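Student: Structure for this input, please:
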Amino acid sequence: MSSNINDTFFNGAYKEVWRKLIPPGLSEIECDFVEDIAQLKKGDAVLDIMCGYGRHALELARRGYTVTAVDNSAGYVKEIENAAATEALAIEAIAEGALAVPLQKNYKAVLCMGNSFAFFNRNDALALLKKLSAHLQSDGILIINSWMIAEIAIKHFREKEWIALDGYKYLLDYKFQFHPSRIESEHTLVSADGRVEVIHGVDYIFTLAEMEAMFNEAGLVTKAMYATPRKRPFKMGDNKIYIVAAKADAAV
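Tutor: I've put the predicted structure just below:
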């Protein structure tokens, strides 16, 4: 497990900025998608790895599933624990890194949403896939949501971008680097009272062929690729992907 610049990405203001970037209703629609794709039944075990503030974990628990939520942000995990206690939800929330967390059971659905898979270089990404595969039920489904696979990132790459958010001005500077392929980013957040915070991150870029090769090494195989949680098939030009994978020996 290598040192990862992204480990501290959510330590400051971005912890709240990320929440503001999620369109209303998206999390609920994505949970509909998870239920459908994984054919979940009440009580089924779901793992939400790098779960953030629990937008999927909490919603799926509300729908009757037993959820393990993992994130390295203690603040996010505390939020989830408080919500789970208030609503009497079946959630185990764990403050730990995705590669380090000890998993104790197998899951019908494993989620890696919000582009978080791109946080890892190939060695760590493969290690994560092997870990998730080892804890995926034979009839289980892995869902990876990304906007940084090569087929998206190359087409939509921009060196600079401004975003206006409630309470923040948000400037992004990107550099596309090679060996390994990655986008290094500088994020400047300016709050309404003039405070400035600068954070740095890296998104590692894999082609779909490279993703499939890693899946194969981890005992997984791609079942489907969608551009939206409404199951529109992914095609070149789309700006987001939902990759659905399953155990290689169970996929048909």
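
Student: Not counting stretch 15-24 itself, show me its contacts.
Tutor: With contacts defined as CB atoms under 8 Å, 6 or more residues apart in numbering, stretch 15-24 is touched by 10, 52-53, 55, 73, 75-76, 114, 163, 165-168, 170, 189. (Each C-beta comes from the backbone N, C-alpha and C, glycine too.)

Student: Identify each buried residue in that stretch, please.
Tutor: 15-18 (16 or more other CB atoms under 10 Å).

Student: Give me the subset of those that lies in helices.
Tutor: Judged by DSSP state H, the buried residues of stretch 15-24 include 15-18 as members of helices.

Student: out of the residues you listed, which one sits closest to Glu92?
Tutor: Lys15 (21.5 Å; CB to CB).

Student: all helices in the stretch 51-200 of the chain, in order from the N-terminus.
Tutor: 55-62, 74-87, 122-134, 150-156 (DSSP state H, counting those that start in this stretch).

Student: Can you add mean pLDDT, distance to Glu28 and mean neighbour count and give those helices back as TSV?
Tutor: Shown next, in TSV, are the helices of the stretch 51-200 of the chain (pLDDT from 0 to 100; distance: least, CB to CB, whole Å; neighbours: other CB atoms under 10 Å):
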stretch	mean pLDDT	distance to Glu28	mean neighbour count
helix 55-62	98	6	24
helix 74-87	97	15	16
helix 122-134	97	24	18
helix 150-156	96	24	17
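
Student: Including distance to Asn106, could the ones you listed go into a markdown table?
Tutor: Shown next, in a markdown table, are the helices of the stretch 51-200 of the chain (distance: least, CB to CB, whole Å):
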| stretch | distance to Asn106 |
| --- | --- |
| helix 55-62 | 17 |
| helix 74-87 | 21 |
| helix 122-134 | 8 |
| helix 150-156 | 31 |
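
Student: Nearest to Ile29 among those would be which one?
Tutor: Per CB to CB, nearest to Ile29 of these: helix 55-62, 10.2 Å.

Student: Can you show me the CA trace of that closest one as CSV?
Tutor: What follows is helix 55-62, C-alpha atoms only, in CSV (Å, rounded to 0.1, in the frame of the first residue of the first chain):
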residue,chain,number,x,y,z
ARG,A,55,-25.4,9.3,0.8
HIS,A,56,-25.7,5.8,-0.6
ALA,A,57,-25.1,3.8,2.6
LEU,A,58,-27.8,5.7,4.6
GLU,A,59,-30.4,5.5,1.8
LEU,A,60,-29.8,1.8,1.2
ALA,A,61,-30.1,1.1,5.0
ARG,A,62,-33.4,3.0,5.0
